[in-house]
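Novice: show me how the following folds:
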Amino acid sequence: MSQAIHRDAHIGEGVQIGRFTTIEEGAVLGDNVTVGNHVTIHAGTVIGEGSIVADHAVIGRWPRPAKSSTVKVDSELPALVIGEGCTIGAHAVLYRGSRIGREVLVADQAFLREKCAIGDHVVIGRGVAVENQVEIGSHTKIQTNAYITAYSRLEDHVFIAPGVQTTNDNFMGRTEERFKWVKGPTVKRGARVGGGAVLLPGVVIAEESFIAAGAVVNRNTEPAMVYAGVPARVLRPVPEGEMMRET
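Specialist: Model (predicted):
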């Protein structure tokens, strides 16, 4: 057999499944789902109607942290849920315990950890890493090779350019004190972060802030202001013509 589909998996109408794909116990594939070759869909995973999973993707796997890791595996993690009309790229890896909204793109080689909440119409670009316990609002776009650290929050209509780096630990892994302060950035509605920018732990990027390429943000920003430099400083207001319209 070129496929291994557990007898207790639920496969909807019109589903297409490629060669050498494994679908484990209790997985649910909605109607008209397309699954590529060499895909692994782990136990209990739910994939919504009309979604596409490309070749070699790994969907709904359990976390396997190193023995020295401070992250502990929650034995009660719920199954991964992927909404309707999503596209999961080739070689993407999505962990158990996260929930993905409708019409989301997770591009090739992207990586999504456990306990994440992803809104609708989100783009997670090629090679993006989203760590555990991250919230991403609807209509947010994260471009190629960005890194979204654990305990970060991106609100609706946020734009994250290629190569953006976020951080969550001012102690960089030293001392027990750090556990009280670990926190990723919060990027508020409509904010934009330019290519290669670095957001330091716990900073709040205010609504409609514009962070220039290569900036290092080490403090909270003001709404609708442009920031540039190392460390980032106010450059000017965001032009009126670039402001979002209410939707």
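Novice: what about Glu222, neighbour count?
Specialist: The tally of other residues near Glu222 (other C-beta atoms under 10 Å) stands at 12. In short, each C-beta sits where N, CA and C put it, glycine included.
Novice: so it sits against Ser209, correct?
Specialist: Yes. Glu222 is within contact range of Ser209, at 7.3 Å (criterion: C-beta atoms under 8 Å).
Novice: residue ranges with poor pLDDT in the protein?
Specialist: Applying pLDDT under 70 to the chain picks out residues 1, 67-70, 246-247.
Novice: what residues sit buried inside stretch 170-186?
Specialist: Neighbour-count burial for stretch 170-186, counted by 16 or more other C-beta atoms under 10 Å, picks out 178, 182-186.
Novice: mind listing which of these are in strands?
Specialist: Thr186 (DSSP state E).
Novice: need the buried residues of stretch 170-186 in CSV with distance to Asn32, can you?
Specialist: Output for the buried residues of stretch 170-186, formatted as CSV (distance: C-beta to C-beta, whole Å):
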residue, distance to Asn32
Arg178, 47
Val182, 42
Lys183, 41
Gly184, 36
Pro185, 38
Thr186, 37
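Novice: identify, from the buried residues of stretch 170-186, the entry nearest to Gln133.
Specialist: Gly184 (8.7 Å; C-beta to C-beta).
Novice: distance check, the closest one against Val33.
Specialist: For Gly184, the distance to Val33 equals 32 Å [C-beta to C-beta, to the nearest Å].
Novice: kindly report the same for Ile136.
Specialist: For Ile136, the distance to Val33 - C-beta to C-beta - is 23 Å.
Novice: for Ile160, grab phi and psi.
Specialist: Main-chain dihedrals, Ile160, degrees, to the nearest 10: phi -120, psi 120.
Novice: ok, Glu242 next?
Specialist: Torsion angles, degrees, to the nearest 10, at Glu242: phi -100, psi -10.
Novice: now Val106
Specialist: Dihedral angles (degrees, to the nearest 10) for Val106: phi -110, psi 110.
Novice: list the contacts of it.
Specialist: Counting by C-beta atoms under 8 Å, 6 or more residues apart in numbering, Val106 touches 86-89, 92, 94, 100, 112, 124.
Novice: just the ones of those residues in strands?
Specialist: Checking the contacts of Val106 against DSSP E, those in strands are 87-88, 94, 100, 112, 124.
Novice: what's the domain layout of this structure?
Specialist: Domains of the chain are assigned by automatic domain parsing as 1-62+80-126, 131-238.
Novice: want to throw the ones you listed into TSV with distance to Met244?
Specialist: Shown next, in TSV, are these (distance: least, C-beta to C-beta, whole Å):
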stretch	distance to Met244
domain 1-62+80-126	15
domain 131-238	5
